[in-house]
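Trainee: Mind folding the following:
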Amino acid sequence: MVWAKMKFPFEKRVKLAQGLWLLSWLATLGGAITFCLGCFLKTELRRRAEVMDNTEIYIVPNTLIIAGMAAMAINYFAGRICQDALDPGRFPRWKTFLKPYYCCSIFFTTLMLIGVILSYAMKGTLEGSLKVGLKNGIRFYKDTDTPGRCFQKQTIDRLQMEFQCCGNNDYRDWFEVQWISNRYLDFSSKEVKDRIKSNVDGRYLVDGVPFSCCNPSSPRPCIQYKLTNNSAHYNYEHQTEELNIFIHGCREALLDYYMGLMNTFGAVVLSVLLLQGTVMASLRYLQTSMDAVAGQENTEVETEGYLLEKSISDTIMEYLDPVLKLLLLNQVEDGQVKAEAGAAGTSGTA
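Mentor: Numbers count the residues shown, from 1 in each chain. Predicted structure coming up:
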């Protein structure tokens with residue numbers, strides 16, 4: 001059963017070829033945009049890899065990069081096919097190429113769709129990675145002399161200033177870790193000794209935050225130490241007054257930033273995906289309408305074009321049959337090799 005059949009007079013075929021040529025180059029540009037978006041997203045993720053626990057989220061930019069490169073190649077060939085479409089002498093040379101071309105197009109278009117879906121679906125994975133990564137980053141903030149962690153302090157400080165955030169969940173996360181290195185503590189001081197002794201783990205914990213948590217928009221000089229001690233500061237109420245440090249946690253800020261990027265990129269790639277689908281459908285119409293011209297003296301006759309010559313299931317099986325036969329042939333050859341090896345082993349034993 002022919003599916004989505006349409007009639008194509010000569011003038012309509014010409015317009016289809018011309019329009020498809022333009023669409024194919026627009027889709028090539030869309031593939032380049034998809035590739036660039038994937039590279040940009042991967043760069044942004046790698047910039048803050050120190051505050052992420054794993055790299056599972058990299059599957060999104062990697063998918064976009066691969067799909068973008070494939071889209072550029074696929075649509076480039078679509079443009080070449082359009083140039084030969086109206087020449088009955090040149091178009092038949094593409095006939096053997098079109099079947100694998102459609103297979104590759106469908107595969108990479110599906111891959112692009114998967115990239116769009118993943119850009120919306122990986123929020124939980126990203127949040128879990130940031131939660132653990134930021135927790136470790138805060139814990140290792142003081143280890144400026146430890147190999148592998150020398151730049152952890154710089155990374156966290158820059159992060160908090162750039163995204164105007166403080167801590168993992170909020171600024172109170174700094175109260176639970178010793179973020180001041182022992183080399184900068186005066187152990188002869190009674191205050192330092194008392195704080196260390198009051199802690200079970202022997203850590204120097206303070207109700208303060210690093211300078212990078214200070215909000216420069218606040219009119220009051222930054223209060224970054226003794227945040228919960230109202231008597232330590234003039235005209236200060238910790239519970240009621242708006243603190244002059246960043247309140248929101250960095251996990252929320254980074255999650256909003258990355259999800260905003262991926263959602264925006266997803267919308268752009270979805271537009272490219274629709275354009276790619278239009279190119280594939282138009283090329284199929286052009287191919288089938290031109291096939292009907294083959295062998296005719298008058299090449300300007302009206303012809304019929306269609307998307308599928310058979311049902312969807314029959315078309316899928318038609319494309320899968322060569323692959324299945326190839327796999328079956330490999331299995332038979334493997335069986336013969338094993339049988340010959342077994343026979344050789346038996347004769348050798350005898």
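Trainee: what does stretch 216-233 contact?
Mentor: 171, 206-211, 213-215, 236-238, 243-245 (CB atoms under 8 Å, 6 or more residues apart in numbering). For glycine as for every other residue, the C-beta is placed from the backbone atoms N, C-alpha and C.
Trainee: Now do stretch 25-45: distance to the chain's middle.
Mentor: 10 Å (CA atoms, centre = their mean, to the nearest Å).
Trainee: still on that earlier bit, just the contacts of stretch 216-233 now: which is nearest Leu22?
Mentor: For the contacts of stretch 216-233, the minimum distance to Leu22 (CB to CB) is 52.0 Å, reached by Asn215.
Trainee: sorry, back to before: so which of the contacts of stretch 216-233 are in strands?
Mentor: Among the contacts of stretch 216-233, no member is found in strands (DSSP state E).
Trainee: What remains of the residues you listed if I keep only buried residues?
Mentor: Tyr171, Val206, Gly208, Val209, Pro210, Cys213, Cys214, Tyr236, Leu243, Asn244, Ile245 (16 or more other CB atoms under 10 Å).
Trainee: The closest residue to the second one other than its chain neighbours and Ile180, how far apart?
Mentor: Using CB to CB, 6 or more residues apart in numbering and skipping the chain neighbours, the partner closest in space to Val206 is Tyr225 (6.5 Å). Taken as CB to CB, to the nearest Å, the spacing of Tyr225 relative to Ile180 amounts to 11 Å.
Trainee: hey, what's in contact with both of those two?
Mentor: Val206.
Trainee: With pLDDT and distance to Met259 as added columns, please give the buried ones among the contacts of stretch 216-233 in a markdown table.
Mentor: Below are the buried ones among the contacts of stretch 216-233 laid out as a markdown table (pLDDT from 0 to 100; distance: CB to CB, whole Å):
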| residue | pLDDT | distance to Met259 |
| --- | --- | --- |
| Tyr171 | 90 | 23 |
| Val206 | 88 | 33 |
| Gly208 | 90 | 31 |
| Val209 | 92 | 26 |
| Pro210 | 93 | 26 |
| Cys213 | 92 | 23 |
| Cys214 | 91 | 27 |
| Tyr236 | 81 | 36 |
| Leu243 | 77 | 27 |
| Asn244 | 85 | 29 |
| Ile245 | 88 | 25 |
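Trainee: and the residue nearest to Val206, how many residues sit next to it?
Mentor: 12 (other CB atoms under 10 Å).
Trainee: Now do it, the pLDDT please.
Mentor: The score at Tyr225 is 88. That number is its pLDDT.
Trainee: part of a helix, is it?
Mentor: No - Tyr225 is assigned coil when assessed by DSSP: H, G, I helix; E, B strand; the rest coil, not a helix.
Trainee: And the residue nearest the centre of the chain, how close does it get to Ala253?
Mentor: Nearest residue to the geometric centre of the chain (CA atoms, centre = their mean): Val60, 1.8 Å. Using CB to CB, one obtains 19 Å as the distance from Val60 to Ala253.
Trainee: same question, Ala71
Mentor: Distance from Ala71 to Ala253, by CB to CB: 33 Å.
Trainee: How about stretch 74-81, which residues are buried there?
Mentor: In stretch 74-81, counting by 16+ other CB under 10 Å, buried: Ile74, Asn75, Phe77, Ala78, Gly79, Ile81.
Trainee: what's the answer for stretch 17-34, then?
Mentor: 17, 20-21, 23-25, 27-28, 30-34.
Trainee: Turn those into a markdown table, columns for pLDDT, distance to Val272 and secondary structure.
Mentor: Shown next, in a markdown table, are these (pLDDT from 0 to 100; distance: CB to CB, whole Å; DSSP: H, G, I helix; E, B strand; the rest coil):
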| residue | pLDDT | distance to Val272 | secondary structure |
| --- | --- | --- | --- |
| Ala17 | 83 | 22 | helix |
| Leu20 | 85 | 16 | helix |
| Trp21 | 86 | 18 | helix |
| Leu23 | 88 | 12 | helix |
| Ser24 | 89 | 13 | helix |
| Trp25 | 89 | 13 | helix |
| Ala27 | 90 | 7 | helix |
| Thr28 | 91 | 10 | helix |
| Gly30 | 91 | 4 | helix |
| Gly31 | 91 | 7 | helix |
| Ala32 | 93 | 10 | helix |
| Ile33 | 93 | 7 | helix |
| Thr34 | 92 | 5 | helix |
